[in-house]
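In: Below are the sequence and a predicted model for it; my questions follow.
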Amino acid sequence: MKSVHSAGYQRFLERLRQARQDAGMTQAEVGRQIGARQAWVSKVESGERRIDPVELARFAVVYGKPLGWFLA
């Protein structure tokens, strides 16, 4: 089955997952840090739910990464 997301968005999702792994955090821990459920974090990471720039900024703070890192 072909992805509904562009190659660029797929790379973004890979970076998002990598940032969490680099931080040594579970999805549940991330959810607690940003005030969301683990299921929401999972949906974001899988591409089922898109995130806006404000939400991305919250992830960046939790992971200790600059915003540009996610788009590289």
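Out: Cool, got the structure.
In: Show the contacting residues for Arg49.
Out: 40, 43 (CB atoms under 8 Å, 6 or more residues apart in numbering). (Each C-beta comes from the backbone N, C-alpha and C, glycine too.)
In: Kindly provide the distance from it to Pro66.
Out: 23 Å (CB to CB, to the nearest Å).
In: what about Leu71, how many neighbours?
Out: Neighbour count of Leu71, defined by other CB atoms under 10 Å: 11.
In: okay, it: pLDDT?
Out: At Leu71, the pLDDT value in this model is 90.
In: After the lengthiest helix in the chain, which helix or strand is next?
Out: Identified as the longest helix of the chain according to DSSP state H is helix 7-22. Sequence order places helix 27-34 as the next helix or strand after helix 7-22, per DSSP states H and E.
In: which secondary structure elements does that following helix contact?
Out: On a contact count with 3 or more CB pairs under 8 Å, 6 or more residues apart in numbering; DSSP states H and E, helix 27-34 meets helix 38-46, helix 53-63.
In: how big is the angle separating it from helix 53-63?
Out: Helix 27-34 runs at 110 degrees relative to helix 53-63, counting by axes from the mean of the first three to the mean of the last three CA atoms, to 10 degrees.
In: can you pull the buried residues of helix 27-34?
Out: Of the residues in helix 27-34, 27, 30-31, 33 count as buried by neighbour count, 16 or more other CB atoms under 10 Å.
In: do stretch 6-16 as well
Out: So stretch 6-16, judged by 16+ other CB under 10 Å, has buried residues 12-13, 15-16.
In: now stretch 60-67
Out: Buried, per 16+ other CB under 10 Å, within stretch 60-67: 60, 62-63, 65.
In: export it as PDB, just CAs?
Out: Extracted in PDB, the C-alpha atoms of stretch 60-67 (Å, rounded to 0.1, in the frame of the first residue of the first chain):
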ATOM      1  CA  ALA A  60      11.500  20.000  20.300                       C
ATOM      2  CA  VAL A  61      11.700  21.400  23.900                       C
ATOM      3  CA  VAL A  62      11.100  17.900  25.400                       C
ATOM      4  CA  TYR A  63      13.700  16.300  23.200                       C
ATOM      5  CA  GLY A  64      16.200  19.100  23.500                       C
ATOM      6  CA  LYS A  65      16.500  19.600  19.800                       C
ATOM      7  CA  PRO A  66      16.200  22.800  17.700                       C
ATOM      8  CA  LEU A  67      13.200  23.000  15.400                       C
END
